[in-house]
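Trainee: For reference, the sequence and a predicted model appear below.
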Amino acid sequence: RMLERDLRLALQHDEFAVYYQPIRDLAGDRIVAFEALARWNHSLRGLIAPNNFIPVAEETGLIVPLGEIVLRKACMDAAGWPEDIAVAVNLSPVQFKNPNLVASVKAALEASGLAADRLELEITESVLLQNSEATLAVLHELRGFGVRISLDDFGTGYSSLSYLRSFPFDKIKIDRSFVTDLATREESMAIVRAVTGLGKSLGIVTTAEGVETDTQFDLLRQEGCTQAQGYLFSPPRPAADVAKMLYKAP
Ligand code: G
Ligand code: G
Ligand code: MN
Ligand code: NA
């Protein structure tokens, strides 16, 4: 397939960049982490968003080398940031089928010198749907050397609640779809309230995604959500802009 061949060439030619979106702590009112998001810097088509290539990368298995590139770049970049700033990297379910996943995470940490507790790995519950015994073993192994594990896109799948019982996640990321209509739909407000409450009871950090308005931000703070991320603060931006994001007036 055309796109598959393009992806292979792009990997060879190092056409993938990592963009970073800040994650703010609501109580401390400061940036505490950045989420790493892949971008394809195509020679002819310009910057391509992940929705246009991650699915093909997953179907073809190319997400394994691509994921490793993102992980390595993210750890390298984060190693140059202040020590209290973490980096969050998305992991595809396909990467969990790779027996070298744990070794490649360790290698990325060692090559960069980044402390393991500054790396957060984001997984969706679809990761836990497949071969969950083996997956849980991998998650425990990663956690064992200090890496943090986040449950991404929370609330959009089939049985999120049971996953909270199967693994002690460090963080729940409340899906953007609940944040979008937070101010206008009582159901979304009730769901966000329930998830932040659940996080508090379980001692798990909650991060709201897709925060775009001051009203959403105020409601999230009022509900005691721990962190927030979204266009209100910043879109994902290149690594070279991280210092600007950290030090600009709030
Ligand atoms: O950056 P953007 O908002 O367009 O990302 C769209 C989707 O692509 C999100 O669901 C995000 O999790 C996913 N994505 C972005 N970068 C990566 C990556 O490096 N690895 C994986 N597996 N998914 C990614
Ligand atoms: O699935 P994941 O949470 O990893 O996806 C993050 C995606 O959400 C990225 O593609 C990012 O560009 C996008 N995103 C980040 N903040 C906002 C926002 O405030 N609004 C919208 N619509 N998308 C956002
Ligand atoms: Mn994510
Ligand atoms: Na998400």
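Mentor: Cool, the structure landed. Ligands and ions are numbered 1, 2, ... in the order given.

Trainee: quick one: the strands in this protein?
Mentor: Here the chain has its strands, by DSSP state E, at 16-25, 30-42, 46-48, 86-90, 119-123, 148-154, 171-174, 205-208, 227-228, 237-238.

Trainee: There's contact between residue 198 and residue 169 in this structure, I believe.
Mentor: No. Using C-beta atoms under 8 Å, residue 198 is not in contact with residue 169, being 11.1 Å away. Where you see a C-beta, it was placed from the backbone N, CA and C, and this is true even at glycine.

Trainee: need the residues of the protein near ligand 4, please.
Mentor: By C-beta under 5 Å from the ion, the residues of the chain that approach ligand 4 are 152, 153, 209.

Trainee: do you know how far the last one is from ligand 3?
Mentor: Separation of residue 209 from ligand 3 (C-beta to the ion, to the nearest Å): 7 Å.

Trainee: quick one: contacts for the closest residue in space to that residue that isn't next to it in sequence?
Mentor: Among residues not flanking residue 209 along the chain, residue 176 sits closest, at 4.5 Å (C-beta to C-beta, 6 or more residues apart in numbering). Residue 176 sits next to 209, 210, 230 when contact means C-beta atoms under 8 Å, 6 or more residues apart in numbering.

Trainee: From residue 212, how far off is the closest residue to the second one other than its chain neighbours?
Mentor: Nearest residue to residue 210 in three dimensions, chain neighbours excluded: residue 176, at 2.9 Å (C-beta to C-beta, 6+ apart). If you measure residue 176 against residue 212 using C-beta to C-beta, to the nearest Å, the figure is 9 Å.

Trainee: Give the residues shared as contacts by the two.
Mentor: residue 230.

Trainee: and residue 70, how many neighbours?
Mentor: 23 (other C-beta atoms under 10 Å).

Trainee: Residue numbering should commence at 27 henceforth.
Mentor: Taking 27 as the first residue, the last one we looked at is residue 96.

Trainee: can you pull the contacts of it?
Mentor: Contacts of residue 96 were listed using C-beta under 8 Å, 6+ apart, and they are 42, 44, 62, 64, 115, 116.

Trainee: The fifth one against residue 145, yeah?
Mentor: I take that to be residue 115. Yes. Assessed by C-beta under 8 Å, residue 115 is found in contact with residue 145 at 6.9 Å.

Trainee: Next, show the common contact partners of the two.
Mentor: Here residue 115 and residue 145 have residue 100 as joint contacts, going by C-beta under 8 Å, 6+ apart.

Trainee: Return the closest of the contacts of residue 96 with respect to ligand 4.
Mentor: residue 116 (8.5 Å; C-beta to the ion).
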